[in-house]
Each structure stands twice: as C-alpha cells, then as structure tokens.
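Visitor: sharing a model that was predicted from the sequence below.
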Amino acid sequence: MTVRLGANRYGKAETRLVHVVRDGPVHHLKDVNVSISLSGDMEAVHLTGDNAAVLPTDTQKNTVYAFARRHGVGEIEEFALRLAGHFTATQPTIQHARVEIEEYGWNRAGPHSFVRAGGEVRTCVVHHDRDGRRTVVSGLTDLVVLNTTGSEFHGYLVDEYTTLPPATDRVLATAVAARWRHAGDETPSYATSYEEVRGALLDAFAGTHSLSLQQTLYAMGERALATSPGICEIRLSLPNRHHFAVDLSPFGLDNDNEVFYAADRPYGLIEGGVLREDAPDAGFAWE
Ligand SMILES: O=c1[nH]c(=O)c2[nH]c(=O)[nH]c2[nH]1
C-alpha cells in the first residue's frame with residue numbers, strides 16, 4: 001500500500017494574553033486569545049522526524065507575548081497580520097500562517113477596574129412549602145471582574161513547600177458567583193435589589209485595596225448588605241483567576257507588570273458568606 005502525507009498544519013492554539021497599557025493612573029486592557037496555525041515544508045517532520053523545518057509552538061507563544069510588549073496589541077486584525085507576517089517573513093520553511101484571535105470585551109468600572117462585557121447570568125432559587133413558608137435566594141454567576149492594581153498578597157504562612165513570592169502589586173481577577181437571601185415577608189422589587197447588589201459588589205471590588213481575595217470577598221458581602229436592606233445573607237464564590245507576569249528576559253525585554261499569562265487552572269477558590277447579626281433562620285433557603 002502506498003500512502004502520502006495529506007494537508008497538515010500545526011501551531012500554538014489559544015495563547016491567552018492580557019495586555020495592560022498604563023496611561024498614568026488610567027489603565028487600558030486588551031484580553032485576547034490567539035491561535036496560530038503554520039504550514040509549509042513539513043514533509044520531513046512527519047515522515048522522518050527531522051525537526052529542522054519546525055518553529056516550535058512554544059516559540060510561537062513566546063512571540064505573541066514579546067510582540068505585545070514590543071508593539072502593543074491594537075486592533076486584533078493588525079496584531080494578527082503582524083504575527084502572521086513575521087512567521088512567513090522570517091522562516092523560509094513556513095509558507096502559510098493562519099492567526100485567529102478572539103477578543104474579550106471589558107467595560108471600564110474605574111481607572112484601573114474593568115467588568116467583563118456580557119456573559120453574566122442572573123439566578124434564583126425559591127422554596128414554597130405546604131404551610132406557606134417561602135424563601136427566595138437570588139444571585140448571579142460569571143460576573144468577571146479584574147483590577148490591574150490595588151491588590152497585594154503577602155504575610156502568609158510559609159512551609160517547606162511554599163514557593164509563591166510575596167506580591168505588593170498584582171492583578172486581581174475573579175468570576176463572581178453570588179447568591180443572596182431575601183429577608184422579611186414583604187415582596188421586594190427583585191429587579192431593584194438585583195441592581196443594588198450587583199452595583200455594590202462591583203463598587204466594593206473596584207474600591208477595596210485588597211490584601212487578599214478573602215478580604216475582598218468580605219468587603220463585597222458587607223457592601224451588598226449595607227446597600228440592599230431587603231437581603232439578610234449573601235454567599236460568594238470567588239475563583240482567583242491568577243495572572244502571572246511573563247518572564248521576557250530571554251528576549252532582552254523587561255516586563256514591569258505589563259504582559260501577563262492568564263492561567264485558567266488550577267485556581268484558588270475563595271468562598272464565604274456574610275450575614276446580618278439578626279438574620280432570621282435560613283430554613284431550607286440554601287437547599
Ligand atoms: O488572595 C489570595 N488568597 C489566598 O489564600 C491565596 N493563596 C495563594 O496562593 N494566592 C492567594 N491569593
């Protein structure tokens with residue numbers, strides 16, 4: 001049987017790049033997902049394992065980060081063209097580059113605070129038993145927020161397995177999942193309390209100088225209870241979406257908290273509740 005190599009391409013898929021442009025105290029954010037596919041003289045690598053024509057996918061990922069540092073991101077079409085042109089211009093074995101970029105929108109919530117555009121889900125769980133007892137828990141999930149500064153984490157326990165460096169200025173990002181329990185027998189305006197709680201959560205996230213996500217969680221819960229008198233308890237689940245500064249020194253570039261690798265897992269998961277001292281018994285509300 002005679003066979004031959006068919007169409008092929010290879011590259012680094014879904015390089016997640018978050019680029020912060022610091023314009024004095026006002027910061028600008030670009031959040032993109034870059035997928036590169038290169039093709040060209042790839043007979044040898046497939047047929048004999050000779051890698052001489054192969055630009056490693058790891059290099060392709062590094063190029064994305066280095067280009068962000070060197071040229072900025074700008075319009076995603078321009079960034080993609082710059083990357084694709086680079087690979088075909090500099091590597092004779094690469095005849096074709098396909099670069100696909102997704103951009104995730106962020107709306108401004110403060111000079112250095114952003115709310116991910118869209119994606120947020122409003123939720124509720126109600127119980128109503130035969131005796132007429134009712135509980136209402138409202139909530140939201142996937143409210144993705146990020147602070148480009150105003151977050152520290154240090155002073156934690158250290159043992160023989162601790163490698164985390166103390167941070168005095170880090171990116172703090174999370175996808176807020178919150179549920180809150182309505183108190184009292186009167187039917188509130190759920191629309192109003194939703195807007196109140198959502199606004200309070202965002203204000204507290206943006207406005208708290210954070211020494212830990214735990215501290216931010218408490219501040220968010222406290223603000224929600226202070227802002228929306230009809231609720232008596234709030235439970236928050238905050239995944240810590242870690243952003244690690246990329247080491248660009250191999251490319252002769254510095255990185256003063258500008259180019260980050262947005263890790264998706266593993267992530268810290270910070271969960272907790274805040275409730276009024278006089279909150280009535282929850283009964284089956286959380287079941
Ligand atoms: O805000 C944080 N809380 C933690 O408990 C923790 N643990 C960790 O590694 N990083 C962080 N950040």
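Guide: Thanks, I have it. Computed from a prediction, not measured in an experiment: that's the story for all the values here. Numbers count the residues shown, from 1 in each chain.
Visitor: ok, and what's touching stretch 152-160?
Guide: T162, L164, P166, A167, T168, D169, R170, H209, S210, L211, S212 (Cβ atoms under 8 Å, 6 or more residues apart in numbering). Where C-beta positions appear, they are placed from N, C-alpha and C, glycine not excepted.
Visitor: would you mind checking the residues you listed for buried ones?
Guide: Listed as buried from those are R170, S210, S212; burial here means 16 or more other Cβ atoms under 10 Å.
Visitor: re earlier: in TSV: the contacts of stretch 152-160, plus secondary structure and distance to the ligand.
Guide: Below are these laid out as TSV (DSSP: H, G, I helix; E, B strand; the rest coil; distance: Cβ to the nearest ligand atom, whole Å):
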residue	secondary structure	distance to the ligand
T162	coil	9
L164	coil	5
P166	coil	10
A167	strand	8
T168	coil	13
D169	coil	13
R170	coil	8
H209	coil	13
S210	strand	7
L211	coil	8
S212	coil	4
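Visitor: in those residues, find the pair that's most separated.
Guide: T162 and H209 (24.1 Å; Cβ to Cβ).
Visitor: buried ones in the strand or helix carrying T88?
Guide: Using DSSP states H and E, T88 falls within helix 76-90. For helix 76-90, the neighbour count (16+ other Cβ under 10 Å) marks I76, F79, A80, R82, L83, A84, H86, F87 as buried.
Visitor: do you know how far the first one is from the ligand?
Guide: Going back to what we said before, that points to I76. Separation of I76 from the ligand (Cβ to the nearest ligand atom, to the nearest Å): 31 Å.
Visitor: identify the residue nearest that residue in space, chain neighbours excluded?
Guide: I101 (4.3 Å; Cβ to Cβ, 6 or more residues apart in numbering).
Visitor: which elements pack onto the host helix or strand of the one you found?
Guide: Assigned by DSSP H and E, I101 belongs to strand 94-103. In terms of contacts (3 or more Cβ pairs under 8 Å, 6 or more residues apart in numbering; DSSP states H and E), strand 94-103 is packed against strand 26-40, helix 76-90.
Visitor: can you pull the buried residues of the next helix or strand after the first one?
Guide: To tie it back to what came earlier, the one meant is strand 26-40. Later in the chain than strand 26-40, the nearest helix or strand by DSSP H and E is helix 43-47. Buried residues in helix 43-47, counted by 16+ other Cβ under 10 Å: V45.
Visitor: now swap in stretch 220-229 and tell me
Guide: M220, G221, R223, A224, L225, T227, S228.
Visitor: pull the CA atoms of the longest helix seen in the chain into CSV?
Guide: Counting by DSSP state H, the longest helix found in the chain is helix 190-207. Below are the C-alpha coordinates for helix 190-207, written out as CSV (Å, rounded to 0.1, in the frame of the first residue of the first chain):
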residue,chain,number,x,y,z
TYR,A,190,-36.2,41.9,42.8
ALA,A,191,-35.2,44.0,39.9
THR,A,192,-34.1,46.8,42.2
SER,A,193,-32.4,44.5,44.7
TYR,A,194,-30.5,42.8,41.8
GLU,A,195,-29.2,46.1,40.6
GLU,A,196,-28.4,47.2,44.1
VAL,A,197,-26.5,44.1,44.9
ARG,A,198,-24.7,43.9,41.6
GLY,A,199,-23.7,47.5,41.9
ALA,A,200,-22.5,47.0,45.5
LEU,A,201,-20.4,44.0,44.5
LEU,A,202,-18.7,45.9,41.7
ASP,A,203,-18.2,49.0,43.8
ALA,A,204,-16.6,47.1,46.6
PHE,A,205,-14.4,45.0,44.3
ALA,A,206,-13.2,48.1,42.5
GLY,A,207,-12.9,50.3,45.6
